[in-house]
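[1] predicted model, plus sequence, below.
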Amino acid sequence: MITVGIGVLALILYFTGQYVQAFWLIALSILSGSLALLKAIVNPNWYANERMKAGLEVDIFNPRNGIASLIVTKGILLTVLLFIAWRLADKAGYL
């Protein structure tokens, strides 16, 4: 959720013409999403506990269950964010 929230803030900055700030927020969003994915892969019990807190279904006997869907979801989201970062870097004058 943090990744999406940061992305929405970057979208607002984009529409106000503040491309440099929007780029860095997207970069922060990419970093945050990547680190959360890495933490879930390294520590599946943490991910299972977070799913329980959110009220989502959890297999207590196999905490790795559900990580595949996280990888696919984050993979798609990070791909989109990387494309947006590339476009913003061009508008901000970094490329």
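    Alright, I've got the coordinates.

[2] I'd like to know how many residues surround the nearest residue to Ser34 once chain neighbours are set aside.
    Excluding the flanking residues, the one nearest Ser34 by Cβ to Cβ, 6 or more residues apart in numbering is Leu78, at 6.6 Å. (Glycine included, C-beta is placed from N, CA and C.) If you count neighbours by other Cβ atoms under 10 Å, Leu78 ends up with 17.

[3] tell me what the longest helix along the chain is packed against?
    Counting residues, the longest helix in the chain under DSSP state H turns out to be helix 67-92. On a contact count with 3 or more Cβ pairs under 8 Å, 6 or more residues apart in numbering; DSSP states H and E, helix 67-92 meets helix 2-15, helix 19-42, helix 44-53.

[4] which ones are touching Ile67?
    Residues in contact with Ile67 (Cβ atoms under 8 Å, 6 or more residues apart in numbering) are 40-41, 44, 47.

[5] now, of the residues you listed, which are buried?
    Buried by 16 or more other Cβ atoms under 10 Å: 40, 44, 47, out of these.

[6] angle of the longest helix of the chain against helix 19-42?
    160 degrees (axes from the mean of the first three to the mean of the last three Cα atoms, to 10 degrees).

[7] centre of the chain versus helix 67-92, how much separation?
    The chain centroid and the centroid of helix 67-92 are separated by 8 Å under Cα atoms, centre = their mean, to the nearest Å.

[8] tell me where the model's unsure across this structure.
    1, 3, 59-65 (pLDDT under 70).

[9] pull the contacting residues for the spatially most central residue of it.
    The chain has Gly33 as the residue nearest its centroid, 3.0 Å off, counting by Cα atoms, centre = their mean. By Cβ under 8 Å, 6+ apart, Gly33 lies in contact with 3, 74, 77-78, 81.
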